[in-house]
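> Just the structure for this:
(chains A, B and C)
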Amino acid sequence: MLEIRNLKASVEGKEILKGINLKVNAGEIHAIMGPNGSGKSTLASVLAGKQDYTVTDGEILFEGKNLLDMKIEERAHEGIFLAFQYPVEIPGVSTVNFLKTAVNETRKAKGLAPIEAKDFLATMREKMKLVEMDSKLTSRALNEGFSGGEKKRNEVFQMAMLEPKLAILDETDSGLDIDALRIVAHGVNTLRNKNNAFIVITHYQRLLDYIVPDFVHVLSDGKIVKSGTKDLAFELEEKGYDWVKEETINS
Amino acid sequence: MSKQVLDIPVLNKKLFAQMQTLAQNPLRDSSWKNFLQSGFPSVKHEEWRFTPLENSLKKIQKVSSPDFVSLSDDAEKIIASLEPIDAYRIILVNGKPISNSVKISDEISLLSLKEAQKNFPEIIKEHFGKYLTTEKETFNALNTALTNDGVFIHLKKNSQTEKPIHIISVHDNREEGIYSTSRILIVAEEGAKAHIVETHISTAEKFSLQNLGAEIIVKPNARIEYHLIQHFSLLGKSEASVIDSRQVVLEKDSFCNFTTVSMSGALIRNNLHMLFNAQNGEGHLYGLYLPSKNELIDNHSLVDHAMPNCFSNEFYKGIMTENGKGVFNGKIMVRKDAQKTNAYQNNRNLLLSDDAGLNAKPQLEIFADDVKCSHGATSGQLDEDAMFYLRARGIGEFEAKKLLTLAFAEDVLVQTKHEGLHNQIDKWIEEKLSF
Amino acid sequence: MEDSDKILDELTTTEYKYGFVSDIEQDILAKGLNEDVVRFISAKKNEPEWLLEWRLKAYRHWLTMVEPTWENVHYPKIDYQSYHYYASPKVKPQLASMDEVDPEIRKTFDKLGISLVEQMRLAGVAVDAVLDSVSVVTTFKDKLRELGIIFCSMSEAVKEHPELVKKYMGSVVPSTDNYFAALNTAVFSDGSFVYVPKGVRCPMELSTYFRINAANTGQFERTLIVADEGSYVSYLEGCTAPMRDENQLHAAVVELVAHDNSEIKYSTVQNWYPGDKDGKGGIFNFVTKRGICSGVNSKISWTQVETGSAITWKYPSVILKGDNSIGEFYSVAVTNNMQQADTGTKMIHIGKNTKSRIVSKGISAGSSQNSYRGLVRINKKATNAQNFSQCDSLLMTDHCGAHTFPYIEVNNTSAKVEHEATTSKIGEDILFYCNQRGIGNEEAVNLIVNGYCKEVFNQLPMEFAVEAQKLLAISLEGSVG
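All right, here's what the predicted structure looks like:
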């Protein structure tokens, strides 16, 4: 589904990603872990197409298409979803209105007619249950005055509505208490199927108790320095990131 | 432009011709010409709508003598009590320093402008009259045309003062209708740091008018903390008045915190302009004004963002009592190239009497798009809930009012960053607020 | 941001949708202005002597006045002699039903998207259509008459209800109030008149559609709305003008009078032709709108969505004279290309416990200049007055300007006045977020801008709100820079 080859990216002339290689197949969950400043969020932003980052080398293929040639919204239309670490607030725009626009723009890109209002509402109700979201929240302005947990649940709710092929969860666990964490994880696990894939970016192993990854990669200084199964996450938890760093230096 | 509302007989061609002025030609002549062309503004002039000058200008009878004037006993007494006690002090009487220089260090010079003209001719030539525009600014024009002395402060590269520099400006108004000119030039070279306090007082009750012009140049990486205090009624009601125009110029990575505390004065008009002349400057403008009986305090400010990536924060508070009138007119200008500007302005007012008045005009003029700017202005009374809370705790009404009013002023007074000064102003406010 | 530049280019060239010219036979008075023109207009309308005198007095005073220059707009000097001061359709039938309306005029309204028949049937809106200067047809009049509500053209009101017109016209905006109001008083051709009697709640929205059709005609309509004790009325005004190279002049006067316990809601959607992208042509819109809450507990609310005109000079105001009266001003002002707007409000607090609220949302795009200018004055006797103002500006390009000039004058200690203003552009992070959800820049800007204006749109009746949103989209398409 996704193939990243020797990806290098920089921001304001400073190289952050220094040659990433990663392959994600449908039905898989990949966890990307790493210390602060290792380039985890940069990778998420580059995949989504954020303009602050310049890709200096390498390529990203998504279902055989060159992702780097696409605009941000075209990538979204192709089925890439980024759950933001810091979701923005948009005053005056309700979550419902926002999502309807997002769904219809994606449909338009695929040559489909806008969704019927009653179908949209029915889907919305169903998906809201998934993340135990209060219906009052959806009529409020997007993320405005939402708590940290509500914002993150809203991200997973949007993911459920948009049904992406590849979802990237950027530190979705940060700022969540254990109950919210469980709800978010439940959402992700329910949405998981053999046709979609997830990249879960996290600093801590904790989230991976709830969303069990098929593969774990350790990112350090802009490179994937170690890959393994979920056991790697436990090892990291135990030994800390310095262990990987040392190992990398030694090798 | 406005029409001349009246001629002041003593401010005439003969005076100008006789005056040994600091300004050399062509500045000297053009300033005088600009003054004659603009004349004095009437209330029809947009910038003077709420500050009628006519009655004040009519009272001018005499231009202060350029010769040395001794300090009156009253003045000595006040000066002795002024904070900060431990400072490098220079004393002016009607704009003229009573000593030619105050020794600070080899790197920092505190001189009379006249003396500076001998010792620092290049610096004077480079900066004097460069920033205070005289075109269409009648008081600047008149000031520049007539200035023959004043204060000069020079800070060499990376120099730093150990204690504050204190300019004490005595307005000698024992005689009725004195007009005086005062001028200040401060140049802080690269990386220099200084804390400057300037206190204006008067010695009697009669009417006087001072026209003050100041230019403050803050070179790259330099930092200036400036506290201007105007308190003319320390000895009882005084008719001393001032029109105070200042231009602060901020160069790259420089910093200035300018705090104005206007305690009392028949008519105080402050024109504070801060120009961001290069990137990454940071400027703060704080103000507190307390017009009381028959007093008018008018704070005009212009924060001029000419270059990108600068930050400015303006915060003025007014406490109006009796029939005191407060005016706040603040403009934030963000010019076309000044992208990534962050500029904030806030004006809060307390009206404590039915006869008090406030006119506020906070303005934003923005020509760049990648900016964050906001302004706010409020006018109101002391919070009733807070009053109730304090009284329910057994604090009497008078005491509660005093407490809350001092708390209101506190946001600005913390900016003085000098405990003695802070306490002195607190005490003055308490004295002034006779509820 | 190359893409958005491209979109910007494409869309700033979007033609003015309403720029067509109707082919209707018109009666046009020769260009120029003098006392004879004033007399001609008055005679043409069979006006009583007092009205002619009032016009002449205003005209003579106007001659002594100077055009204001304090506003933050720049335009070439207006030659008042180069305009026609009267134009009316030649056939001026007395119409009993919609079917009798000139088919060309009907077509004009159809193009504007306000089919009268449709509106009558579906929306229950009574429409008083003003084509250039003469009110062509007034619908629903009979139904309103049953309730004692008078809704007719100003000319008709002068004939049928002279006592009301005489009593109220000029009572809020005196003939000598300002340069443009004086000009209007001298040459006003027609307009709408509304009177809602005591205790009556007007059951439908009253609406006027203004449209300037003839070339070089100044439109000087005059509207007067009087709400008697305990009554309520909501009035909608929509404006369009055809596309022409010359600058057309529009100097209207609107007066509102609210008696005890009454409420007037006045909504405007204005999309006069703004000129082309180089600033050629477009309407000069110099309007005096003022209401007086003369009675206790009365309320006047102005809502405006302004996307048109080359130059706008407009400050819908409320004089809060009655105790406990309320004044509101909700505004969205959009400027694009070379448009200039200087608009805002005045809230004059005279009565006790009076309240006012100002919500102004300015959006500047292209090379336009958008200024908010507002006055909040609390008079000495106005105890417990309250004002809240929120003035926000959104900048879409790096070569437009947004300016805020609020004047606050407080002379009473019990007043509570709050003013807040912000200026910013649409955040890149917000655009990125929308893009990531599959929403392209153009649609994202629409969404964000509509959200930004929501508080104002909420004040509009439903159909108007939808129209306003569409107008906003047309005016701003892709203009993020």
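> Now the element after the worst-scoring helix or strand of chain B on mean pLDDT, going C-ward?
Ranking every helix and strand in chain B by mean pLDDT, DSSP states H and E puts helix B:384-392 at the bottom, with a mean of 78. Downstream of helix B:384-392, the next assigned helix or strand under DSSP states H and E is helix B:397-413.
> Chain C contacts on the stretch 101-250 of chain A?
Residues of the stretch 101-250 of chain A found near chain C (Cβ under 8 Å from any Cβ of the partner chain) are A:101-102, A:105-106, A:109, A:141, A:158, A:162. Just so you know, the C-beta spots here come from the backbone N, C-alpha and C atoms, and that holds for glycine as well.
> which pair in the residues you listed spans the largest distance?
By the measure Cβ to Cβ, A:A109 and A:A141 form the most distant pair in these, at 25.8 Å.
> Look at these two and report which has more neighbours.
Between A:A109 and A:A141, counted using other Cβ atoms under 10 Å in any protein chain shown, the more crowded position is A:A141 (18 against 15).
> Any idea what that one is bridged to?
A:S94 (DSSP bridges).
> Pick out the residue in the stretch 1-150 of chain C sitting closest to chain B.
The stretch 1-150 of chain C approaches chain B most closely through C:W70 (7.1 Å), counting by Cβ to the nearest Cβ.
> now do the stretch 151-300 of chain C
Nearest residue of the stretch 151-300 of chain C to chain B: C:N178, at 16.2 Å (Cβ to the nearest Cβ).
> measure that residue to C:I41 for me?
As for C:N178, its distance to C:I41 is 20 Å (criterion: Cβ to Cβ, to the nearest Å).
> Pick out whichever of these two has more residues nearby.
The residue with more neighbours, out of C:N178 and C:I41, is C:I41; 22 against 19, by other Cβ under 10 Å.
> all helices for chain A, in order.
Secondary structure of chain A (DSSP state H): helices located at A:40-48, A:72-78, A:95-109, A:117-130, A:135-139, A:148-162, A:178-191, A:230-239, A:241-250.
> Least reliable of those by average pLDDT, please.
Set side by side, these show their lowest mean pLDDT on helix A:241-250, which sits at a mean of 68.
> which sections of the stretch 1-150 of chain C are below the confidence cut-off?
Counting by pLDDT under 70, the low-confidence segments of the stretch 1-150 of chain C come to C:1-28, C:88-141.
> In contact with the residue of the stretch 151-300 of chain C closest to chain B, which residues are there?
C:N178 makes contacts with C:65, C:68, C:288, as judged by Cβ atoms under 8 Å, 6 or more residues apart in numbering or on different chains.
> I'd assumed C:A182 was in contact with the second one.
Translated: C:P68. No - C:P68 is not in contact with C:A182 according to Cβ atoms under 8 Å; the separation is 11.6 Å.
> Comparing these two, which residue is more hemmed in?
For C:P68 versus C:A182, neighbours defined as other Cβ under 10 Å are more numerous around C:A182 (26 against 11).
> any idea how far the more buried one lies from C:S192?
Distance of C:A182 to C:S192, given as Cβ to Cβ: 21 Å.
> Ignoring the adjacent residues along the chain, who's closest to the residue of chain A found nearest chain C?
Here the residue of chain A nearest chain C is A:G92; by Cβ to the nearest Cβ that distance is 3.0 Å. Leaving aside its sequence neighbours, A:G92 sits nearest to C:G451 (Cβ to Cβ, 6 or more residues apart in numbering or on different chains; 3.0 Å).
> and what of B:F207?
Nearest to B:F207 is B:E239, by Cβ to Cβ, 6+ apart, at 3.9 Å.
> Look up the pLDDT of that neighbour for me, please.
As predicted, B:E239 sits at a pLDDT of 95.
> which ones are touching it?
Here B:E239 is in contact with B:173, B:205-208, B:266 (Cβ under 8 Å, 6+ apart).
> Please convert the buried members of the residues you listed into ChimeraX selection syntax.
Filtering the contacts of B:E239 down to the buried ones (16 or more other Cβ atoms under 10 Å in any protein chain shown) takes a single ChimeraX command:
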select /B:173,205,206,207,208,266
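> Just the closest of the contacts of B:E239 to C:A58, please.
C:A58 has its nearest neighbour among those in B:A266, at 44.0 Å by Cβ to Cβ.
> how much space is there between the closest one and chain A?
Separation of B:A266 from chain A (Cβ to the nearest Cβ, to the nearest Å) stands at 47 Å.
> Enumerate every residue touching that residue.
Applying Cβ under 8 Å, 6+ apart, the residues contacting B:A266 are B:56, B:207, B:232, B:238-241, B:294-296.
> Give me the buried subset of these.
Those of the contacts of B:A266 that meet the buried threshold are B:56, B:207, B:232, B:238-241, B:295-296, by 16+ other Cβ under 10 Å.
> Now, these that are in strands?
Under the assignment DSSP state E, the buried ones among the contacts of B:A266 contribute B:240-241, B:296 to strands.
> my read: A:K108 touches A:P114, true?
Yes - look at A:K108 against A:P114 with Cβ under 8 Å: they come within range, at 7.5 Å.
> returning to what we had before: would CSV of the contacts of B:E239 with pLDDT be doable?
Conversion of the contacts of B:E239 to CSV gives the following (pLDDT from 0 to 100):
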residue, pLDDT
B:N173, 93
B:E205, 93
B:K206, 95
B:F207, 96
B:S208, 96
B:A266, 96
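> ok, of the contacts of B:E239, which one's closest to chain C?
Chain C lies nearest to B:A266 out of these, by Cβ to the nearest Cβ, at 20.0 Å.
> Next, work out how far apart that closest one and B:T51 are.
12 Å.
> At the contact with chain C, which residues of chain B appear?
Contact residues, chain B versus chain C (Cβ under 8 Å from any Cβ): B:46, B:336, B:339, B:349, B:351-354, B:356-381.
> Could you turn the buried ones of those into a ChimeraX selection?
Selecting only the buried entries of these in ChimeraX, with 16+ other Cβ under 10 Å as the criterion:
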select /B:339,349,351,352,356,357,358,359,360,361,362,363,364,365,366,367,368,369,370,371,373,374,375,376,377,378,379,380,381
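> Okay, and which of the residues of chain B next to chain C map to strands?
Among these, the subset assigned to strands under DSSP E consists of B:349, B:351, B:357-366, B:372-380.
> got a list of what the residue of chain A closest to chain C touches?
Taking Cβ under 8 Å, 6+ apart, we find A:G92 in contact with A:141, C:450-455.
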